[in-house]
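**Student:** Can you look at this prediction? I've put the sequence above it.
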Amino acid sequence: MANTPAQGTALDLPNLRNFGIIAHIDAGKTTVSERILFFTARTHKIGEVHDGAATMDYLEEERKRGITITSAATSCRWKNISINLIDTPGHVDFTAEVERSLRVLDGACVVFDGVSGVEAQSETVWRQADKHKVPRICFINKLDRLGADFDACLDSIEKRLGARPVPVQIPWGREKELHGMIDLLKLKAIRFDGDKGEKIVEVDIPAEYVEAAKARREKLLEAAAECDDSILERFLDGKEIPVAEIKEALRKGSIQSRFFLVCGGSALKNVGVQLMLDCVVDYLPSPIDITKIGGTDPDDTTKKIEVKLNRDAPFAALAFKTITDPNGDLTFIRVYSGQLEQGTQIYNPGKRQRERVGRIYKMHAALRDPIERVEAGDIAAVVGLRNTLTGDTICNEDHPILLEKIVFPEPVITMSIEPASRGDREKLSDTLAKLAREDPTFRWFTDEETEQTIIGGMGELHLDVLKNRITRDFKVDARVGEPEVAYRQTLEKPVDIEAKHIKQSGGHGQYAVVRVKFSPSVEPGVHFENDIVGGSVPKEFIPAVKKGIENYAETGGELRYTYLGIVASLYDGKYHEVDSSEMAFRAAGVLAMRMAAEGNRRIYEPTMKFEVQVPEEFLGEVIGDLNSRRAAISDMESRGNLRVLTGKVPVAAIFGYSTTLRSLTQGRGTASMEPDEYQPVPRAMAEEIEAKRIKWLEARKKK
């Protein structure tokens, strides 16, 4: 059987590592993952990304494009330590895959390009790891490439991430003369011999590296001394300290994220990956090292509940990924408490529904290894959950608990999609629903006025991949429109509105009067405040007013652009003993929001942070092109023989930019983007956008 953790015996939690590989696109994450699988004997052949044969990139779309699109999980063993590994995408359009993986992982290895150091998406995944308090080690990859600079990478980690990198290794040689790595704890040079670098050979450090290695070792000991008073005392006295004690102190500092231990090599050339695995084992946390996990009572979210990491405690787990499958959706879970056996009935407290678990699997990318149960601390996939989606808690019904959900960004671009024939209409709807179950950043809806189906995502590549899946994987014949910007709107100034919904007919009429103060907010969504005193609006009708305001804000009124952020304070109103109803007050809420928006709206557009790397000779043309796209360049720095531009640019102005950049720089420029924030559209442009939008909506109505 493959080299996977033993099933059928209780998990040895101190000897379990749940970690992920995260990085900027093209830093070499999947190449690192493939070497991990090979050196841990999980696979017996190295699959290369450039050949479309990587084990962890198993989707056809991934192999075609040579990039990771969806996170893939596997398990293996290294030096008697069980490992659950998740390989994540690096492209910004698929950042949700990183988000949901980091939510359930105990540690991460951040891979950096040895030439480029910290790049745009490196910052994004680092911030995501900060948000989820995930301890990290760093692996500086591609040290064999021309222009690779280990020290420059350390500087970029310190300056751009505000982090403290502490090397446990330094390179032995550089660029094409990279011979191996120097272990600063053992003070030994390490070579990787054999066809695949599988033979680890320790030799004395070459004379020209001895002083540098000793100096670096002093810095490493200083870091260890900060975490252990006993080591500090001996360090100051110049006494020898056992390596095992140094490792224990460094492990403590790493888990507390006081500093970030750094190793390196070249995954493609099979240099340094085994030492990186040693760092995972030695310095990343096991489940028992993590701060206590907490949840809330589903009936009273102010009441905190502590989760016990114990296989005999009540079961509680978080669903963090769903894959649709004709034979039953596959739901990935991280178990935080208790254990789950196949055939068990469990409870989804967020949806107040019972579920029954079918089979349980340990995953190896697309392959499934069936297991009988999964225990606290472990990660697995289950079949049979019909109503459980990403971010849902599943637990023991007698001990309900809600774990913290996963929050995802909203789509920034949209496109229309229409079935080629009436026969494909239902099939398209079913397919879009399945994709939405899998991908929490994918949205779709049918515009009631235009009867047009709209899909939304995180970028052009995201929507292009989804479009291909719809037509190729799900065999739906559909036509798609051009990508469009997901504009938003908000109120320009505060207003005080009295809205009356009064209708009289033969029988009961409709009567509702509401007085609402509206104001713009920087927070997304509608923030409804109930300031009714004295019962001028009965409490049973107040949720209907809220629903009416939310409905108008979500559908976007005249322009059909969702409202960004609004505070709505209901402070007064009137009702009729006979004619008032929930329907009447909901209509009054809609009317109040419509009146507040009349002549009082401001269009907002999504922006992207960008980083453009360009050779010096093309700098002027690239800056000129960015300026023509309304880009705001905030910084320009030198990185080797390249100039690096950073700043912000509207999404509307950046469609197709990669093609333009290649043309301007003879294919030598590169760019990366990440969603940033919504900003007001310039007045003149806003008027043009509104006019075109209204004209388009009217044309659609006539069809």
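**Tutor:** Arrived safely, thanks for sending.
**Student:** Low-confidence regions, this protein specifically.
**Tutor:** By pLDDT under 70, the weakly predicted segments of the chain are 1-10, 47-69, 92, 447-451, 505-507, 702-703.
**Student:** now with 50?
**Tutor:** 1-9 (pLDDT under 50).
**Student:** Identify, by residue count, the longest strand of it.
**Tutor:** Ranked by number of residues, the top strand in the chain under DSSP state E is strand 601-615.
**Student:** got the CA coordinates for stretch 123-137 in PDB?
**Tutor:** Output of stretch 123-137 as PDB, limited to C-alpha atoms (Å, rounded to 0.1, in the frame of the first residue of the first chain):
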ATOM      1  CA  GLU A 123       2.100  39.500   0.300                       C
ATOM      2  CA  THR A 124      -1.500  38.400  -0.100                       C
ATOM      3  CA  VAL A 125      -1.000  34.800   1.100                       C
ATOM      4  CA  TRP A 126       1.200  36.100   3.900                       C
ATOM      5  CA  ARG A 127      -1.600  38.400   5.100                       C
ATOM      6  CA  GLN A 128      -4.000  35.500   4.800                       C
ATOM      7  CA  ALA A 129      -1.800  33.400   7.000                       C
ATOM      8  CA  ASP A 130      -1.500  36.300   9.500                       C
ATOM      9  CA  LYS A 131      -5.300  36.600   9.700                       C
ATOM     10  CA  HIS A 132      -5.600  32.900  10.500                       C
ATOM     11  CA  LYS A 133      -2.600  33.000  12.900                       C
ATOM     12  CA  VAL A 134      -0.800  30.200  10.900                       C
ATOM     13  CA  PRO A 135       2.900  29.600  11.900                       C
ATOM     14  CA  ARG A 136       5.100  29.500   8.800                       C
ATOM     15  CA  ILE A 137       8.500  28.400   7.600                       C
END
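**Student:** List the buried residues for that stretch?
**Tutor:** 123-126, 128-129, 132, 134-137 (16 or more other C-beta atoms under 10 Å). C-beta coordinates here come from the backbone N, C-alpha and C atoms, glycine included.
**Student:** Give me the subset of the residues you listed lying in helices.
**Tutor:** Under the assignment DSSP state H, the buried residues of stretch 123-137 contribute 123-126, 128-129 to helices.
**Student:** so what does the longest strand of the chain touch, helix or strand wise?
**Tutor:** Where contact means 3 or more C-beta pairs under 8 Å, 6 or more residues apart in numbering; DSSP states H and E, strand 601-615 is packed against helix 120-131, strand 488-491, helix 619-628, strand 642-650, strand 670-680, helix 683-702.
**Student:** highest average neighbour count across these?
**Tutor:** Most buried of the helices and strands packed on strand 601-615, by mean neighbour count (mean count of other C-beta atoms under 10 Å): strand 488-491, with a mean of 23.
**Student:** out of the helices and strands packed on strand 601-615, which comes closest to residue 663?
**Tutor:** helix 619-628 (9.7 Å; C-beta to C-beta).
**Student:** Could you check the angle whichever helix or strand comes after that closest one makes with helix 619-628?
**Tutor:** Remark: after helix 619-628, the chain's next helix or strand is strand 632-639, criterion DSSP states H and E. Using axes from the mean of the first three to the mean of the last three C-alpha atoms, to 10 degrees, the direction of strand 632-639 lies 160 degrees away from that of helix 619-628.
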